[in-house]
Structure formats: structure tokens, C-alpha cells
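Asks: Next one to model:
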Amino acid sequence: MRIHTDHNGVAVNAISALSDGTNVEGHYYQVLAGPKNLIVEFQFGGVADNGVNGVTNEALLAILIHRMKFLDGKFGCDENKRAIQHMEEALCNLEVRSARRIARGVEGKEVV
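Replies: Numbers count the residues shown, from 1 in each chain. Down below sits the predicted model:
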């Protein structure tokens, strides 16, 4: 399912199932960037049961923050700075969420 296409024609598809029928909704994304077909795989299942097997939201945000800071250093603008601020806030909130889940003993488990 197409979830985004940017002004350069780079498209993102959300993959809901693998060819073997495995449900991967919310975990696999296909990025169509010109001739490149990239797959982004997020952590699937808890680390305790499945090991580290994909990128986390936090890791991807850290990449985006680093990239935007680099770009802002070359082509600075208010929009870049606001985007960086919002991504840093998002990363902080996800880290707080994880810390609270760890404290409650539910990190890596499918419980609220």
C-alpha cells in the first residue's frame, strides 16, 4: 500500500505480508528511489524472544536528526531547525516511553 510519494517521486510502500504469508504490518517498508528498491525492516517482536532483527524508531530518528543537522549546517533555515527540534522531542518521548516500560517490566512485550 502506497503511504507516501514526495516531490522527487520517491515513494514508500507499507508491506503488510511477506511472500510466505507472514504478517509484517507496521514492520516492513519498501522505498522506491529511482532505480533503487530499498527495504526498511523494523524490529519484529520483542528482543528477548527474537533478538535484535531490525531498526528501531529511535535509531531511525537519530539518523534523521543527524542528517538534518548536517544539511542545516550547509543550507540552514528555520524549517530545518523546527524539524530537528520536533524530531529531538519525538526521540526523547520514545526514550521516556521505553524507560517507563522497562520500569514496569513490560518492555518487549505486547502489553499496554
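Asks: which residues are contacting the helix-or-strand element of the chain with minimal mean pLDDT?
Replies: Least confident helix or strand of the chain, by mean pLDDT, DSSP states H and E, is helix 47-50 with a mean of 88. The contact list for helix 47-50 (C-beta atoms under 8 Å, 6 or more residues apart in numbering) reads 43, 44, 108. (Glycine included, C-beta is placed from N, CA and C.)
Asks: Now for the first one, how many residues are close by?
Replies: Translated: residue 43. Neighbour count of residue 43, defined by other C-beta atoms under 10 Å: 17.
Asks: Identify the residues contacting it.
Replies: Residue 43 touches 27, 50, 52, 53, 54, 55, 56, counting by C-beta under 8 Å, 6+ apart.
Asks: Return the residues in contact with the residue most central in space within the chain.
Replies: The chain has residue 57 as the residue nearest its centroid, 4.0 Å off, counting by C-alpha atoms, centre = their mean. Residues in contact with residue 57 (C-beta under 8 Å, 6+ apart) are 42, 94.
Asks: if we can go back for a sec, restricted to buried residues, select the contacts of residue 43 in PyMOL.
Replies: Only the buried entries of these go into this PyMOL selection, using 16 or more other C-beta atoms under 10 Å:
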select buried, resi 27
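Asks: follow-up on the earlier one: mind exporting the helix or strand just after the least confident helix or strand of the chain as CSV, just the C-alpha atoms?
Replies: Where DSSP states H and E defines the elements, the next helix or strand beyond helix 47-50 is helix 57-74. Output of helix 57-74 as CSV, limited to C-alpha atoms (Å, rounded to 0.1, in the frame of the first residue of the first chain):
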residue,chain,number,x,y,z
ASN,A,57,12.1,4.0,15.8
GLU,A,58,14.7,5.6,18.0
ALA,A,59,17.6,4.6,15.7
LEU,A,60,15.8,5.9,12.6
LEU,A,61,15.0,9.2,14.3
ALA,A,62,18.7,9.5,15.4
ILE,A,63,19.7,9.0,11.7
LEU,A,64,17.2,11.7,10.6
ILE,A,65,18.3,14.1,13.3
HIS,A,66,22.0,13.7,12.3
ARG,A,67,21.2,14.1,8.6
MET,A,68,19.1,17.2,9.2
LYS,A,69,21.8,18.8,11.4
PHE,A,70,24.4,18.2,8.6
LEU,A,71,22.1,19.6,6.0
ASP,A,72,21.2,22.6,8.2
GLY,A,73,24.9,23.3,8.6
LYS,A,74,25.2,23.7,4.8
